[in-house]
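> mind folding the following:
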Amino acid sequence: LSAVNGYLGNPAVKIVFPPEAQKAEKALRGMGLGKLCDNVILSLNRAAENAAKDAEPIFLDAIKKMSISDVSGILLGQKDAATQYFKRTTTTVLAAKFKPTIQVSLAKVNATKYWAQAAAEYNKLPFVKHLNPDIADYATQKAIDGLFVMIAQEELNIRQNISARPTPVMQKVFAFAAKTAH
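Below is the predicted model:
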C-alpha cells in the first residue's frame, strides 16, 4: 500500500470523499469543479500511501509481543483471527503514527487546501449540511481500514492456498492447523 497508487490504484482500499461529502462531490462536479474533486481524492490517497510506510515496524512489534495463546488463537481460530489480532493490538498505535504523517502529507500535496476549497465552495450552497474542512481524521481512519482489508485478503489467501505459504515453517504450521480442524 505504500507504493505509488497502492491505495489510489486499488478499488478495495481507494479513499474517496467521505460518505457525508459525496453529495458535495456530486454538486461540485456538476458546477464544473471536477478537477478540484480529483485533486482531493488523489491527495487523500497519496497521504495514505505515505503513512503506510510506517506500518511495518508496528506490525512487527505486535508479532514480537504475541503470546502462545495469541498464536494458538490465530492458528486454530476463525479465518480472520490474525486480522482481528492485528486490529486489536495495532489500531491505536497506527492512528497515533499515521495521523501526523497524513497531516504533513496532506499539506505537502495540498490536500488540506483542496479539501478546504471544496468544503468552502460546497458550504456556500443554500440549504446544505456544512462539511467539516478538516480531512485528516477521515484520511487516517481510511488508511488504517485499507491496511486491514489487505491483511484480511492475505490471511485468507494463506489459509486457503498452500502455495501462499512460502516457508517450510508456515507449511508445517498450517498443515498442523488443517489436521487439528478436522
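> separation between the most centrally placed residue in the chain and Ala47?
Residue closest to the mean C-alpha point of the chain, counted by Cα atoms, centre = their mean, is Gly146 at 2.3 Å. Distance, Gly146 to Ala47, using Cβ to Cβ, to the nearest Å: 12 Å. Every residue, glycine included, has its C-beta placed from N, CA and C.
> any chance you could list what contacts stretch 4-19?
Under the criterion Cβ atoms under 8 Å, 6 or more residues apart in numbering, residues 1, 22, 24-25, 37, 40-42, 44-46, 48-49, 52, 135, 138-139, 142-143, 145-146, 149-150, 153 lie in contact with stretch 4-19.
> try it again at 7 Å.
Residues outside stretch 4-19 that contact it (Cβ atoms under 7 Å, 6 or more residues apart in numbering): 1, 25, 40-42, 44-45, 48-49, 52, 138-139, 142, 146, 149-150.
> list only buried entries from these.
1, 25, 40-42, 44-45, 48-49, 52, 138-139, 142, 146, 150 (16 or more other Cβ atoms under 10 Å).
> and those, which of them are in helices?
25, 40-42, 44-45, 48-49, 52, 138-139, 142, 146, 150 (DSSP state H).
> okay if I get the residues you listed as CSV plus distance to Leu76 and pLDDT?
What follows is these, written out as CSV (distance: Cβ to Cβ, whole Å; pLDDT from 0 to 100):
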residue, distance to Leu76, pLDDT
Glu25, 45, 87
Val40, 44, 85
Ile41, 41, 92
Leu42, 43, 92
Leu44, 38, 92
Asn45, 37, 94
Ala48, 33, 95
Glu49, 35, 95
Ala52, 30, 96
Tyr138, 37, 89
Ala139, 36, 93
Lys142, 32, 96
Gly146, 28, 98
Met150, 23, 97
